[in-house]
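Novice: I would like to see how this sequence folds:
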Amino acid sequence: MNRYERRPVSVGEAEVVYLDGDIRVVRPGTFVRCAVTGALIPLEDLRYWNVDLQEPYATPEAKLQRLGIKLKS
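Specialist: Modelled structure (predicted):
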């Protein structure tokens with residue numbers, strides 16, 4: 001494989017380490033699962049996670065739910 005060829009993308013769930021403001025992919029994949037809802041989150045759409053719990057979240061509401069914060073109705 002030369003530098004102009006793309007590596008094949010692994011299809012399936014990625015294994016990710018969640019860092020402050022960044023992620024590190026340990027095992028390639030196309031998505032992770034939300035720790036609250038179980039929804040599939042494409043890696044390119046991943047925006048919310050918890051570094052201490054090492055969990056991804058599909059939405060800001062899911063993260064708040066995990067933290068036990070109630071939203072005003």
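
Novice: so where do the helices sit in this protein?
Specialist: With helices called from DSSP state H, the chain shows them at 60-66.

Novice: and the lowest-mean-pLDDT helix or strand in it, how far from the chain's centre?
Specialist: Using mean pLDDT, DSSP states H and E, the weakest-scoring helix or strand in the chain turns out to be helix 60-66, at a mean of 94. Relative to its chain's centre, helix 60-66 lies at 14 Å (C-alpha atoms, centre = their mean, to the nearest Å).

Novice: so what does it touch, helix or strand wise?
Specialist: With contacts defined as 3 or more C-beta pairs under 8 Å, 6 or more residues apart in numbering; DSSP states H and E, the packing partners of helix 60-66 are strand 48-50, strand 55-57. Glycine gets a C-beta too; all of them are placed from N, C-alpha and C.

Novice: most neighbours per residue, which of the ones you listed?
Specialist: Stretch with highest mean neighbour count among those: strand 55-57 (a mean of 23; mean count of other C-beta atoms under 10 Å).

Novice: gap between that one and the chain center?
Specialist: 6 Å.

Novice: how about stretch 28-44?
Specialist: Distance of stretch 28-44 from its chain centroid, counting by C-alpha atoms, centre = their mean, is 5 Å.
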